[in-house]
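what shape does this take:
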Amino acid sequence: MAEKRIETCSNVLAQHGLTIAFAESATAGWLCSEFALTPESGSVLKGGIVCYDASLKESLLGISHDIIQQFTPESQEVTDQLALKLKALIPSDIQVGVTGLTTAGGSETDEKPVGTMFVSMLIKDQLISKRFTFSGNCEEIIHHTINAAADMLIEHFE
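As a prediction, this is how the structure comes out:
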């Protein structure tokens with residue numbers, strides 16, 4: 001069963017006749033799979049790409065190695081690029097990119113601790129980006145991120 005906010009979000013997108021696609025790093029496809037569990041999935045969900053490793057951000061999505069090196073794989077700049085580059089791979093009305101730090105061992109710093117998550121959405125060519133800081137274990141951080149992404153979409157269409 002899908003998260004309640006994802007169900008609401010999927011319904012809102014269906015009412016507007018919109019489709020959605022995902023490029024996910026830290027959430028590893030979980031956000032896309034939540035949309036697959038909704039009754040509207042057939043009319044709303046186009047698909048998704050999991051690019052957990054930075055090399056896939058480069059090879060699959062065409063994000064510049066220099067951008068990844070300059071800003072780190074888990075950054076707003078790279079997340080924006082995920083959403084922007086996804087449009088050419090999976091045509092849809094909305095492209096969503098997600099990166100972040102769900103566990104230690106990435107690019108965490110005092111300014112960007114574990115729990116820092118980035119969500120970028122290209123909604124009909126308008127880029128919307130947000131940074132979040134969540135607490136909890138890896139699964140809890142992913143759940144918070146999924147709900148935050150749904151909230152971003154719901155708020156945009158209200």
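
in contact with V78, which residues?
Counting by Cβ atoms under 8 Å, 6 or more residues apart in numbering, V78 makes contact with K57, I63, I67, I68, F71, T72, T99, F118. All C-beta spots, glycine's among them, are computed from the backbone N, C-alpha and C.

filter those residues down to the ones in helices?
K57, I67, I68, F71 (DSSP state H).

run a quick neighbour tally on the last one.
Neighbour count of F71, defined by other Cβ atoms under 10 Å: 16.

pretty sure it sits against E77.
Yes - between F71 and E77 there is a contact at 4.1 Å, judged by Cβ atoms under 8 Å.

out of the contacts of V78, who's the most crowded?
Neighbour tally across the contacts of V78 (other Cβ under 10 Å): the maximum, 32 neighbours, falls on T99.

report pLDDT for the residue most central in space within the chain.
In the chain, the centroid-proximal residue (Cα atoms, centre = their mean) is V98; its distance is 3.0 Å. Reading off the confidence values, V98 has pLDDT 98.

right, and it touches A149 too?
Yes - counting by Cβ under 8 Å, V98 does reach A149; the two are 6.9 Å apart.

what sits in contact with each of those two?
Joint contacts of V98 and A149 (Cβ under 8 Å, 6+ apart) are L31, V119.

quick check: longest helix of the protein.
Max-length helix for the chain by DSSP H is helix 138-157.

what helices and strands are in contact with that helix?
Contacts defined by 3 or more Cβ pairs under 8 Å, 6 or more residues apart in numbering; DSSP states H and E place helix 138-157 against helix 4-15, helix 30-36, strand 94-100, strand 116-123, strand 126-133.

among those, which is nearest A23?
Among the helices and strands packed on helix 138-157, strand 94-100 comes nearest to A23, with 4.8 Å by Cβ to Cβ.

could you check the angle the closest one makes with helix 4-15?
With axes from the mean of the first three to the mean of the last three Cα atoms, to 10 degrees defining the directions, strand 94-100 sits at 160 degrees from helix 4-15.

who does strand 94-100 pair up with?
strand 20-24 (parallel), strand 116-123 (antiparallel) (DSSP bridges).

point out the most buried one among those strands.
strand 20-24 (a mean of 26; mean count of other Cβ atoms under 10 Å).

run through who's touching that strand.
With Cβ under 8 Å, 6+ apart as the test, strand 20-24 has contacts from 13, 29-32, 35, 44-51, 61, 82-83, 85-86, 89-98.
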